[in-house]
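S.K.: Any chance you can model this:
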Amino acid sequence: MSISKAISALALFITGSLINRALGPSGRGILAEMQTWVGLFIAIFGVSIDTVTYHFANKVTYGEDDKSKFVTIVILNVVFAFLATFALTLFVFYWPQQVSSKTVEFLFLLNIFLIVSMITTNLMVFFQAIGNIKFSAVVGIVRAIISIAIIVIGYFFNAINIKFVIVSMIIVQVVALAMILQTALGERMIFGHFSKNMAIGLITKGFKYHITMISLFIYTKVNQLIVFRYCGESQAGIFAVALTLAIYLMLIPEIFQTVLYPRVIHSNDYYE
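M.R.: Residues are numbered from 1 along each chain as shown. Down below sits the predicted model:
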């Protein structure tokens, strides 16, 4: 996981630098605004399922097998992802003055990115929760390599613009999702049954934690919208770059968190 995170960080540095140079401060500010709106609706409609997935991965406490858990999580995420895109679409159509013109222009692509990003991220959490750390690391490395390849080629041919960047993000997420589904198919996880009790538990426990996740998102991300609205595109772009660099300084704590969660969840401990 350390190797995977290091490669991902290197990929972010390379692709981020090329994207920043190609788009300039204004273009980077618009891209940050788009990503923040998508992330906000994911946070609101995700019901914190990604977090409580670790809890429901416990095989001792919950008798459902991994196949049923996988199918249940997939169905819930598909439903919530489409709800999020529907809400984002309504928001943009009814309050277009709250978003940039580029957000309105690329709304369809942003909806696709929202769906694949939400599903892929939460399924990655599921595989981490059941202890498949190596697979998660491999997916992270593949995503990093593909991202570098697309952006470097685009930069070489002077093709990088906001639309190109959004499409590249979609491609990276789709490749990761394809790897997840292929692994799930190989392990016959897709043949599990939908667990109504687990679905209810995921939603109810997710709601208990939801206010924390939304507050965290507001604290770390919504400030980009504030800067964009009151200071302009260029200042928002500069701020987005600085914020991204600061967040990636948390690389090492995130690695420990990723590998520690499944070990704590699956340990035979009598304490709640």
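S.K.: only C-alpha atoms for contact and neighbour calcs from this point on.
M.R.: Fine.
S.K.: Not counting sequence-adjacent ones, nearest residue to G29?
M.R.: Nearest non-adjacent residue to G29, counting by C-alpha to C-alpha, 6 or more residues apart in numbering: G237, 3.5 Å away.
S.K.: The one you found sits in which helix or strand?
M.R.: Secondary-structure assignment from DSSP states H and E places G237 in helix 233-247.
S.K.: Need the contact partners of the helix or strand just after that helix.
M.R.: Going down the chain from helix 233-247, the next helix or strand is helix 251-265, by DSSP H and E. Helix 251-265 has contacts (C-alpha atoms under 8 Å, 6 or more residues apart in numbering) with 1-2, 5, 54-55, 57-58, 128-131, 133.
S.K.: about what we covered before: next, the buried residues of the helix holding G237.
M.R.: 233-241 (16 or more other C-alpha atoms under 10 Å).
S.K.: just curious, which of those residues is nearest to M198?
M.R.: Using C-alpha to C-alpha, A240 comes nearest to M198 of those, at 38.0 Å.
S.K.: and the gap between that closest one and I151?
M.R.: 19 Å (C-alpha to C-alpha, to the nearest Å).
S.K.: show me where the protein has strands.
M.R.: Counting by DSSP state E, one finds no strands in the chain.
S.K.: As a check, name the ranges of all helices in it.
M.R.: 2-45, 49-56, 66-94, 101-105, 107-129, 133-156, 162-186, 196-217, 223-231, 233-247, 251-265 (DSSP state H).
S.K.: and the nearest residue to S48 once chain neighbours are set aside, how many neighbours?
M.R.: Of all residues not flanking S48 in the chain, G206 sits nearest, at 4.9 Å (C-alpha to C-alpha, 6+ apart). Using other C-alpha atoms under 10 Å, the number of residues around G206 comes to 20.
S.K.: Also V259?
M.R.: 17.
S.K.: Make 58 the starting number, not 1.
M.R.: In the new numbering, first residue 58, that becomes V316.
S.K.: rewinding a little: wait, the residue nearest to S105 sits on I101?
M.R.: No: the criterion here is C-alpha atoms under 8 Å, and G263 misses it with I101 at 11.2 Å.
S.K.: residues contacting A201?
M.R.: 64-65, 68-69.
S.K.: Also S157?
M.R.: Contact analysis of S157 by C-alpha under 8 Å, 6+ apart lists 87, 90.
S.K.: So, low pLDDT: which residues of the stretch 208-329 of the chain?
M.R.: Residue ranges of the stretch 208-329 of the chain with pLDDT under 70: 319-320, 322-329.
S.K.: mind running it again at 80?
M.R.: Of all residues in the stretch 208-329 of the chain, those with pLDDT under 80 make up the ranges 265-266, 277, 305-329.
S.K.: cool, and the stretch 58-207 of the chain?
M.R.: For the stretch 58-207 of the chain (pLDDT under 80), the answer is 58, 108, 111-122.
S.K.: do that again at 90, thanks
M.R.: Low-confidence segments of the stretch 58-207 of the chain (pLDDT under 90): 58-63, 65-66, 103-126, 182-191, 193.
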